[in-house]
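Asker: From the sequence below, what's the structure:
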Amino acid sequence: FLRDYAALLSPAAFPPHRHDDLKEMLDSNKDSLKLEAMKRIVAMIARGKNASDLFPAVVKNVACKNIEVKKLVYVYLVRYAEEQQDLALLSISTFQRGLKDPNQLIRASALRVLSSIRVTIIVPIMMLAIKEAASDMSPYVRKTAAHAIPKLYSLDPEQKDQLIEVIEKLLADKTTLVAGSVVMAFEEVCPERIDLIHKNYRKLCNLLIDVEEWGQVVIINMLTRYARTQFLNPNINKTFYGSDEDEDEDEEEKEKKAEAAAMAKRKPYVMDPDHRLLLRNTKPLLQSRNAAVVMAVAQLYFHLAPKAEVGVIAKALVRLLRSHSEVQYVVLQNVATMTIKRRGMFEPYLKSFYIRSTDPTQIKILKLEVLTNLANETNISTILREFQTYIKSMDKDFVAATIQAIGRCATNIGEVRDTCLNGLVQLLSNRDELVVAESVVVIKKLLQMQPEKHSDIIKHMAKLTDNIQVPMARASILWLIGEYCEHVPKIAPDVLRKMAKSFTNEEDIVKLQILNLAAKLYLTNSKQTKLLTQYVLNLAKYDQNYDIRDRARFIRQLIVPTEKSGALSKYAKKLFLALKPAPVLESPFKDRDHFQLGSLSHLLNAKAGGYQELPDWPESAPDPSVRNVEVKESVRAVGTVTYRNTGAPRGPQQTEGSEESDSASGSESGSGSEGSGSASESEESGEVSVSEEEEGEEEEKKTKKRELKKAVQESERSPTHFEGFINLLFSRGFLFSVRFPSLNVDFYLFLPVEPAPSPQVTPVNNLLSNSLVTDLEGLSLSEAVLSPAVSRNASVFLALKSYELLHRITGEGLSVEYCFSRQPFSPDANMVAVQMQFTNSSTSDTKNLHMEDVKLQSGMRVKDFPEIESLPAGETATAVMGIDFCDSTQAANFQLCTHTRKFFVSIQPPVGELMRPVFLTENEFKKEQGERSFKVQ
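Answerer: Residues are numbered from 1 along each chain as shown. As a prediction, this is how the structure comes out:
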C-alpha cells in the first residue's frame with residue numbers, strides 16, 4: 001500500500017499540463033485567441049503569479065502582425081527577458097526589426113526588451129540601438145533610450161564615454177517627456193560631468209514646470225547640487241533667524257566673520273540671474289499635488305535661497321502634514337532639521353504640530369521634536385500646557401518622549417526651569433513606574449545646573465530607591481546622591497547601606513553607581529562609611545561582570561592608600577569629586593543638515609549607497625558665461641501693422657510729397673526697417689511753413705469734430721450706419737488695423753485724438769461707454785495728432801502691462817518697474833522701447849542711477865537710458881532705454897547702479913512685444929494683403 005501511495009505522489013504521476021490551454025491559444029492562427037491568451041498572461045503577472053514557463057510560447061509571437069498582440073508580448077518579455085536570457089537571445093533579430101517598426105510604442109518596447117537582456121555579448125547591439133533611438137522622431141522612444149542608458153552602464157561600465165555622448169545629445173532635447181529621464185541617466189552615469197549641464201541649465205529651469213512629477217524631483221535634486229557649485233552663498237556673513245548658534249561661537253570664529261563682513265562691505269553680494277531663475281521657476285511647484293515634488297522644492301530653497309525667502313516653503317510643508325502617515329513621517333523628519341536653524345518660519349504654524357490621539361507613535365515623537373525646537377519665551381507656556389496633556393497618554397513611549405521634551409525646554413529656556421522642575425517632581429508620585437523613571441533621569445540632568453538650590457528634591461528622590469525598579473532611574477538617583485552628598489550628609493550613608501544589601505541582585509549599571517557612591521562617601525565621610533565601602537568592594541571583587549571587578553580594583557587602589565599605592569591616590573578627591581559640567585540636552589536632528597534634505601541618507605542619519613554629497617559653496621563666483629547659448633538668426637517678420645487711409649487729407653502736413661513718403665514707408669517695411677515712413681513724412685513736412693499750418697488749424701478741427709459727432713449719432717440710431725462710422729474712424733486716423741497673414745485675423749487698435757501728456761494709459765473701458773457721443777464730446781483734433789509721425793507716439797487705448805524689475809525691499813527703498821511702450825525707439829529703429837519708472841521709497845536721496853556690466857546673448861544690443869543724477873526721497877522718475885532682442889526671448893541682463901549699491905536685474909520680453917509696427921496706406925495694405933493671401937494659397 002505504501003509503495004502504491006508513493007508512486008501516486010511521485011512527479012511522474014502528474015505530467016506538466018500546466019497552462020496547456022494558453023499554449024494552444026498562443027499557437028493558433030487566430031489573432032483574437034492570441035490576444036485573449038496574452039491578456040490572461042499579463043493579468044497573471046499583475047497578480048504576482050509565475051508565468052515564466054510560457055516564455056517559449058510567447059516569444060514566438062513577437063513577430064505577430066497584430067499590434068495589440070505585439071504590445072502585450074513585449075510587456076511579457078520585459079518582465080522575463082532577464083530570467084530567460086538564452087531563449088530571448090534566439091529572438092534578438094526580431095527585436096532589432098522591432099526597432100524599425102512604424103509604431104513608436106513597438107520601437108520603444110523593442111528597445112526596452114533589448115536592454116533587459118543582461119548579457120555582455122549583445123552590448124554593441126544595445127549601444128547601437130540606444131544611439132539610433134536617441135535620434136528618433138518620437139520623444140517617447142527617446143525617453144526609452146534614456147532609460148536604457150543606466151541599464152547598459154551597469155552591464156558594461158567601459159561604455160561610459162559613448163554613453164556620455166548620448167546623454168549630452170539627449171540633454172539638448174527640448175521636449176518635457178525626455179528631460180526627467182535623461183537627467184536620471186546623467187545622475188546614474190556621470191554626475192561629476194557638471195559641464196554637460198551648463199548649456200542646458202536655463203532650458204531645464206524653464207521646462208521644469210511642465211515635466212512629469214518624478215522627473216521634476218530628479219531635476220530639482222540635480223539642480224540643487226549644480227547651484228551649490230556655480231553660485232555664491234546668498235546668506236554669506238549672515239545668520240539665520242531663530243538660531244542660537246551665535247551664542248556658542250568662539251573668538252576665532254567671530255574674528256573670521258568680522259573679516260568676511262568687512263570684505264562684504266567692499267564688494268556687496270548680488271544674486272546671479274541664473275540663481276534667481278532657478279528659485280523663481282521652482283516656487284510654483286510648492287503647490288504640486290505630489291508630496292515628493294513639494295519636498296524637493298523645499299530642500300532646494302533651504303539649501304539655496306536667501307534667508308528672507310525661505311519662509312515660503314513652510315506653508316507647503318505644513319500642507320503635507322494632512323497626507324498619509326508615511327508622508328508625514330518623512331516631512332516631519334525634514335521639518336525637525338529645519339527648525340533647528342530656521343525656527344522662525346514655522347512659528348506661525350505652531351498649532352499644526354499639535355499631536356492627535358490617532359497619530360502613530362513615530363509621528364507623535366517627531367511632532368514633539370518640532371514643538372521643542374520651536375519653543376521660546378513667547379510660546380513656552382502654551383507648549384507646556386500641551387505637554388501636560390500628553391503626559392496622560394496611554395502610549396508609554398510617547399509619555400517618556402514628552403518628559404524628555406520638558407527637560408529640553410527647561411534647559412534651553414531658563415525662565416521656566418523651576419516650573420518644569422516642579423512639574424517633573426510631581427510626576428515622581430505617578431503610579432506608572434516608567435513615567436517616574438523617565439522623570440528621575442530628566443530631573444538628574446536639570447539638578448546639575450543648580451544643585452545647591454534643590455537639596456529638598458535630592459532628598460525626595462533618595463526616598464524613591466525603595467520603590468523604583470527601573471535600572472536607569474535607580475542609577476540616576478545614586479549618581480545624584482553621590483555627586484551632591486555634601487547637600488544630604490545624613491541620607492547618603494543610609495542609601496549606601498540599603499544598596500549594599502541588594503548589591504548582588506542589582507543590574508550592572510546600578511552596581512557601577514553603587515561603587516561610585518561608596519568611593520565618594522569614603523572620601524567625604526569615611527567615619528560612617530568605611531566599613532560599608534570595604535564590604536561593597538569585596539562584593540564587587542567576585543562579581544561575574546569583569547567591568548565591575550575592574551572598577552572595584554581600581555577604586556580600592558585609589559581611595560585606600562597602601563604601601564604599593566602610587567602617587568595617583570593623592571588626587572583621589574580631585575578625580576571623584578571634580579565639578580562636572582551640566583549636560584546639554586540637544587536635539588538628535590542637530591547635525592543632520594550636512595545630509596541633503598529629502599534624501600534617504602538624511603532619513604536614516606547615515607550615508608546610504610549612491611548618495612552624493614551636497615557640495616560646499618564656492619568662495620568666488622564661477623564664470624556665468626558658460627551657461628550662455630548662441631542664438632541663431634531668425635526671421636524678423638512677425639506681423640503687419642497697417643495704417644488705413646481713405647484718401648482724406650490729413651492736414652497741412654499732407655503735401656505733394658506725402659505719396660512719396662507713403663511709398664517709401666511701404667517699400668522699407670518689407671526690408672525690416674521701422675519708422676521709415678515717419679522719417680520721410682517729417683522731411684516733407686519740413687518744406688511747409690508754420691504760418692500755413694496755423695491758418696487752417698482751427699477750421700479743420702471744427703470740421704472733423706462735426707463729422708465725427710454726426711457719424712456717431714447716426715451709428716447709434718441705426719446699426720447699418722456703423723460700418724460707415726468705422727470707415728470714418730479709419731479715415732481720420734482714430735483706428736488702426738493689425739493683420740496677421742498666417743492666422744488670417746484682423747485686430748483693431750483705437751488711438752486717442754490728442755497726445756497724452758503723461759505715459760499713463762487710459763483704460764479701454766472708458767472708450768466703450770453707453771454713449772459714444774459723450775466719450776467723443778471733448779475731442780481736440782490737432783493736426784500734429786492726425787499725422788502718422790505723431791500718432792505712433794500717442795498713448796494706445798490698451799492697458800500696458802507693467803513688470804517689476806527691482807523690488808523696494810531688495811533695492812533698499814528703490815523700486816523699478818518697466819513696460820514695453822510699443823512705440824519706436826527714436827535713436828535706433830531696430831530696438832524695442834522699454835519705459836522704466838524709478839520710485840525712491842527710502843528716506844534719503846538716490847544718486848547716479850545708471851547701467852553697468854550689460855550681459856547679452858549673441859546679436860543683442862542695448863542703448864542705455866540717460867543717467868539720473870538725483871532722485872529725491874518719495875519722488876518718481878521715468879526713463880526710456882532701447883533693447884534689440886534679436887528676435888529672441890532671451891533676457892537682457894545688466895547691473896542697475898546707484899552711488900552706493902549695484903543690483904543684478906534682467907528684462908525678458910514676451911513674444912508679442914517683438915512685433916514691429918509698419919504704416920501703410922489703404923491701397924498698399926490691400927496690395928500686401930493680396931500678395932500674402934496668394935502665397936498662402
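Asker: how much space between Gln908 and Ala621?
Answerer: Counting by C-beta to C-beta, to the nearest Å, the gap from Gln908 to Ala621 is 22 Å. (Each C-beta comes from the backbone N, C-alpha and C, glycine too.)
Asker: need the strands for this structure, in chain order.
Answerer: Using DSSP state E, the strands of the chain run over residues 640-642, 735-740, 745-750, 803-806, 814-824, 832-840, 846-855, 861-863, 868-871, 876-884, 892-897, 902-907.
Asker: What score does the residue nearest the centre of the chain have for pLDDT?
Answerer: Relative to the mean C-alpha position of the chain, the nearest C-alpha, by C-alpha atoms, centre = their mean, is the one of Val297, at 2.4 Å. Per-residue confidence at Val297 stands at 95 (pLDDT).
Asker: I'd say it and Leu279 touch.
Answerer: No: in this structure, Val297 sits apart from Leu279 without contact. The criterion is C-beta atoms under 8 Å, and the distance is 9.6 Å.
Asker: Now for those two: what residues contact both?
Answerer: Counting by C-beta atoms under 8 Å, 6 or more residues apart in numbering, no residue touches both Val297 and Leu279.
Asker: distance of Val293 from Ile220?
Answerer: When C-beta to C-beta is the yardstick, Val293 and Ile220 sit 8 Å from each other.
Asker: which parts of stretch 424-441 are buried?
Answerer: Residues of stretch 424-441 classed as buried by neighbour count (16 or more other C-beta atoms under 10 Å): Leu424, Val425, Leu427, Leu428, Val435, Val436, Ala437, Glu438, Ser439, Val440, Val441.
Asker: how about the fifth one, what does it touch?
Answerer: For Val435, the contacting residues are Ile391, Lys396, Val399, Ala400, Ile403, Leu427, by C-beta under 8 Å, 6+ apart.
Asker: change it to 7 Å
Answerer: Val399, Leu427 (C-beta atoms under 7 Å, 6 or more residues apart in numbering).
Asker: got it, and the second one?
Answerer: Taking C-beta under 7 Å, 6+ apart, we find Val425 in contact with Ile443, Ile457, His460.
Asker: if I look at Glu812, how far off is Thr876?
Answerer: From Glu812 to Thr876 the distance is 17 Å (C-beta to C-beta).
Asker: How about Ala296, nearest residue that isn't a chain neighbour?
Answerer: Ile220 (4.1 Å; C-beta to C-beta, 6 or more residues apart in numbering).
Asker: Oh, that last question was meant for Glu347, not what I typed.
Answerer: Across the structure, with C-beta to C-beta, 6+ apart as the measure, the residue nearest Glu347 apart from its sequence neighbours is Leu374 (5.9 Å).
Asker: Double-check that neighbour against Gly344; I have them as touching.
Answerer: No: the pair Leu374 and Gly344 does not pass the contact test of C-beta atoms under 7 Å, sitting 9.3 Å apart.
Asker: Specify which residue of these two has the higher count of neighbours.
Answerer: In terms of neighbours (other C-beta atoms under 10 Å), Leu374 is the more surrounded of Leu374 and Gly344; the figures are 20 against 17.
Asker: Now do the contacts for Glu869.
Answerer: In this structure, Glu869 makes contact with Lys847, Asn848, judged by C-beta under 7 Å, 6+ apart.
Asker: Check Met127 too.
Answerer: Leu152, Gln159, Gln162.
Asker: Show me the shaky parts of this protein.
Answerer: Within the chain, the set of residues satisfying pLDDT under 70 comprises 1-18, 237-267, 451-454, 562-568, 582-583, 630-799, 916-917, 932-937.
Asker: Go through stretch 363-378 and flag the buried ones.
Answerer: By neighbour count with 16+ other C-beta under 10 Å, stretch 363-378 contains the buried residues 363-376.
Asker: before we move on, what about stretch 163-175?
Answerer: Of the residues in stretch 163-175, those buried by neighbour count under the rule 16+ other C-beta under 10 Å are Leu163, Ile164, Val166, Ile167, Glu168, Leu170, Leu171, Asp173.
Asker: per-domain residue ranges of the protein.
Answerer: Dividing the chain into domains by the TED database, as the record does, gives the ranges 20-229, 451-597, 803-907.
Asker: and the ones you listed as TSV, adding distance to Ser381?
Answerer: As requested, the domains of the chain are arranged in TSV below (distance: least, C-beta to C-beta, whole Å):
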stretch	distance to Ser381
domain 20-229	39
domain 451-597	20
domain 803-907	33
